[in-house]
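A structural model of the following input is requested.
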Amino acid sequence: MRYILETERLALREFTTDDMDFIIRLLNSPGWLEFIGDRNVKNDDAAAAYLVNGPIKSYKENGFGLSLVETKSEKIPIGMCGIINRSYLEHPDIGFAFLPEFTGSGYAYEIAKATMDYAKNKLKIDTVLAVTVPANIKSIKLLEKTGFVFTKTITFPDETEELMLFSN
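The predicted structure follows:
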């Protein structure tokens with residue numbers, strides 16, 4: 001398995017369609033549903049479509065995308081993290097999400113910091129954005145700890161929810 005990057009405890013690798021079960025668990029976890037939203041990924045077909053049309057497509061088109069975070073020692077999938085290129089944002093943004101049993105252990109900060117270093121040093125992306133809902137206090141704190149600063153509120157095209165935009 002070739003990793004995109006490794007930290008002391010974690011490894012980041014590209015998703016494959018073999019990760020369908022994990023995607024179903026993550027995208028239906030309470031935190032995902034509350035702060036990101038229901039993507040209606042409830043079965044293998046929907047999970048495969050999410051992976052092929054999302055992360056896997058992004059790897060081919062951009063050379064980066066959301067990737068699977070796993071523990072180095074046990075190779076347990078615990079979350080996702082990566083850089084996303086959205087057509088409606090001026091710069092790429094970082095995204096991350098973790099299964100609830102793996103929050104509060106510093107994993108998100110560890111992989112987000114490493115992902116930011118990777119974006120700057122390997123991908124040569126000078127400005128990275130981040131977006132979250134105002135109620136997601138844990139994400140806001142993580143973004144600030146990782147060096148992001150709140151810039152303004154925005155709404156995504158065809159949506160009404162106000163989001164907080166951060167920049168590094």
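
from what I see, Gly85 and Lys60 are in contact.
Careful, residue 85 is Asn and not Gly. No. Applying Cβ atoms under 8 Å, one finds Asn85 not in contact with Lys60, separated by 11.8 Å. Quick note: C-beta positions are derived from backbone N, CA and C, even for glycine.

looking only at neighbour counts, state which of these two leads.
Asn85 (15 against 8; other Cβ atoms under 10 Å).

buried residues, the longest helix that the chain contains. List them.
For the chain, the helix with the greatest residue count under DSSP state H is helix 107-121. Neighbour-count burial for helix 107-121 flags 107-108, 110-112, 114-116, 118-119 (criterion: 16 or more other Cβ atoms under 10 Å).

identify, from these, the entry nearest to Glu74.
Using Cβ to Cβ, Tyr107 comes nearest to Glu74 of the buried residues of helix 107-121, at 12.9 Å.

thinking the closest one is in contact with Lys72, fair?
No. The pair Tyr107 and Lys72 fails to qualify as a contact (Cβ under 8 Å) at a distance of 11.2 Å.

common neighbours of the two, please.
Contact criterion Cβ atoms under 8 Å, 6 or more residues apart in numbering; residues bridging Tyr107 and Lys72 by contacting each: 9-10.

so where's the chain uncertain?
Applying pLDDT under 70 to the chain flags residues 1.

the longest strand belonging to the chain to helix 107-121, inter-axis angle?
In the chain, taking DSSP state E as the definition, the longest strand is strand 77-84. Put simply, strand 77-84 runs at 30 degrees to helix 107-121, going by axes from the mean of the first three to the mean of the last three Cα atoms, to 10 degrees.

who does strand 77-84 pair up with?
strand 66-71 (antiparallel), strand 93-98 (antiparallel) (DSSP bridges).

mean neighbour count and distance to Asp44 added to those, as a markdown table?
Shown next, in a markdown table, are the strands paired with strand 77-84 (neighbours: other Cβ atoms under 10 Å; distance: least, Cβ to Cβ, whole Å):
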| stretch | mean neighbour count | distance to Asp44 |
| --- | --- | --- |
| strand 66-71 | 22 | 17 |
| strand 93-98 | 21 | 20 |
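
which of those strands sits closest to Asn136?
strand 93-98 (10.5 Å).
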